[in-house]
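> Here you go, sequence then predicted model.
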Amino acid sequence: MSARRIRISLEVNGEPVEAEVAPRQHLADFLRETLGLTGTHIGCEHGVCGACGVRLDGAVVRACLTLAAQADGGAVETIEGVSDSGEIADLQAAFEKRNALQCGYCTPAMLLSAQELLLENAAPSREEIRDHLSGNYCRCTGYHAIVDAVEETARQRRGGPA
Amino acid sequence: MKAPEFDYARPASLDEALRLLADGGEDARVIAGGQSLVPALNLRLAAPPVVVDIGGLDPLRGIEAVGDGLRIGALVRHAELARSALVAARCPLLTQAIAHVAHPAIRNRGTFGGSLAQADPAAELPACALALDAIMIVASRSGERRVAAQDFFRGVYETALAAGEILVAVEIPALGADRRFGFAEFSRRRGDFAIVGVAAAATKSGGRLASPRIAFFGTGDRPQLARAAAAALDGAANDTNTRKAAREKLAADLDPVEDSTASRAMRLHLAGEALEQAIDALWREAA
């Protein structure tokens, strides 16, 4: 059976969520409009800018290119969850210290993408950092300070100096 | 923008998916990773009455060794392909090409089958499928059929898939230990669709390269085999004259489009540069 309303059941930031959604609603709108988690930003809404990045089952995805219905049975983590748990406190501090954000629009997804890289590569080169963040647009910083902040966090996590 | 309304179904079996798709009529669409369909929906370039989500069909997952080759399920995500030791060992062309497919967040969701079924003429994987002589396994309510990559890509976003058919897997045949690969791409930014790119395969034989297959993307309405350039390289030695001859043949093989990104002449020039890089890679690997 196909339908115009779909019941979904998923986990968001560790909490179980049950909802009924329209198939056309993407995950970013569901998080923002239904759950009030407005840390997930919407920029282009067609997969280019990267502002809507969230974790779905452990991998960072574009929430604007994922239907809320497709997240049924999944585990979503947003910037709110990852901030509250303290998982990226050091990365956030490095962003602040290095002026790696100005308007902050790209920052939540930028942090999630950077954290994804740091989890799979403890010592990324600047080139690898740029490559991994290539799908996250920032119109303020020129990226240099963002690469600095990610590089510094990697160094600190390896036990090096700030 | 927001997607138009549509009906949605998430079948639990391939049979059910095929039935839903057949019932949905000509305009029903399949969704897997959604990395091409959802942008088209959000931009209202697509307005299907029903979207059939095949994401729950486990038989469409997985990468297996089959003889000397590989069978790759349509639902295998780009990130999974990129991490696969089996693919890196047997078909490093795919491992290399995947790094150029969009960005990490797109690769975390986009699927191998989805990219092939989308058939963007500037996409990497259709050209790889063509260079690898891949076979598409296509299912419908009347059974399965096998379509060679050469016959699968028909035009801009156009394939041999008929209404009611689903691409379920791809077979990559005969990846013998002597098969060598080359890949090169020019794009404006990392992760963008190519201005021009090339995927190449050849067999190392007695210090020469035999049976080269050279597939370009970004040069026409579909991935294209450069047959004349390949013929110039077949069995020839690695010398300057052979390269020059192969490069010159590209003008006969390709008739690149002109758009806001590149003129016809620029595309042809970049195709020549990409070909030389691919030839370098074939020889480097063959050494």
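Great, that's in hand.
> Do a quick rundown of the helices in the stretch 51-200 of chain B.
Along the stretch 51-200 of chain B, the segments classed as helices by DSSP state H, counting those that start in this stretch run B:78-83, B:85-90, B:92-98, B:104-107, B:112-118, B:124-131, B:149-152.
> got the contact list for whichever residue of the stretch 151-287 of chain B sits closest to chain A?
Ranked by CB to the nearest CB, the top residue of the stretch 151-287 of chain B for proximity to chain A is B:R190, at 4.3 Å. (Each C-beta comes from the backbone N, C-alpha and C, glycine too.) Contacts of B:R190 were listed using CB atoms under 8 Å, 6 or more residues apart in numbering or on different chains, and they are A:130-131, A:134, B:103.
> Apart from its chain neighbours, what residue comes closest to the one residue in chain A that gets nearest to chain B?
Scanning chain A for the residue nearest chain B gives A:G135, at 2.5 Å (criterion: CB to the nearest CB). Excluding the flanking residues, the one nearest A:G135 by CB to CB, 6 or more residues apart in numbering or on different chains is B:H103, at 2.5 Å.
> quick one: which of the contacts of B:R190 sit in helices?
A:130-131 (DSSP state H).
> The residue in chain B that chain A sits nearest to - how many residues pack around it?
Residue of chain B nearest chain A, by CB to the nearest CB: B:H103 (2.5 Å). Neighbours of B:H103 under the rule other CB atoms under 10 Å in any protein chain shown: 25.
> residues in contact with B:E185?
By CB under 8 Å, 6+ apart, the neighbours of B:E185 are B:100, B:124, B:194, B:196-198, B:274.
> where does it land on pLDDT?
Looking at B:E185, its pLDDT reads 98.
> what does the one 3 residues further on give?
As summarised for this prediction, B:R188 has a pLDDT of 90.
> And for the one 5 residues further on?
According to the prediction, B:F193 has pLDDT 88.
> How about it, nearest residue that isn't a chain neighbour?
B:A122 (3.9 Å).
> low-confidence ranges in the stretch 101-250 of chain B?
For the stretch 101-250 of chain B, no stretch has pLDDT under 70.
> how many other residues sit next to the residue of chain A closest to chain B?
Residue neighbour count, defined by other CB under 10 Å, stands at 24 for A:G135.
> In this structure it contacts B:R107, no?
No: contact between A:G135 and B:R107 fails when scored by CB atoms under 8 Å: they sit 9.1 Å apart.
> among the contacts of B:R190, who's most crowded?
B:H103 (25 neighbours).
> Packing partners of the helix or strand containing B:P39?
B:P39 belongs to helix B:37-42 when assigned by DSSP states H and E. Contacts defined by 3 or more CB pairs under 8 Å, 6 or more residues apart in numbering or on different chains; DSSP states H and E place helix B:37-42 against strand B:29-31.
> Contact residues of chain B facing chain A?
Taking CB under 8 Å from any CB of the partner chain as the contact definition, chain B meets chain A at B:1-10, B:20, B:24, B:31, B:34-35, B:38-39, B:41-43, B:50-53, B:55, B:79, B:102-106, B:108-109, B:189-191.
> at 6 Å what do you get?
Contact residues (CB under 6 Å from any CB of the partner chain) of chain B with chain A: B:3, B:5-9, B:34-35, B:38-39, B:42-43, B:50, B:103-105, B:108-109, B:190-191.
> Drop anything exposed from those.
Neighbour-count burial (16 or more other CB atoms under 10 Å in any protein chain shown) applied to the residues of chain B next to chain A gives B:3, B:6-9, B:34-35, B:38-39, B:42, B:50, B:103-105, B:108-109, B:191.
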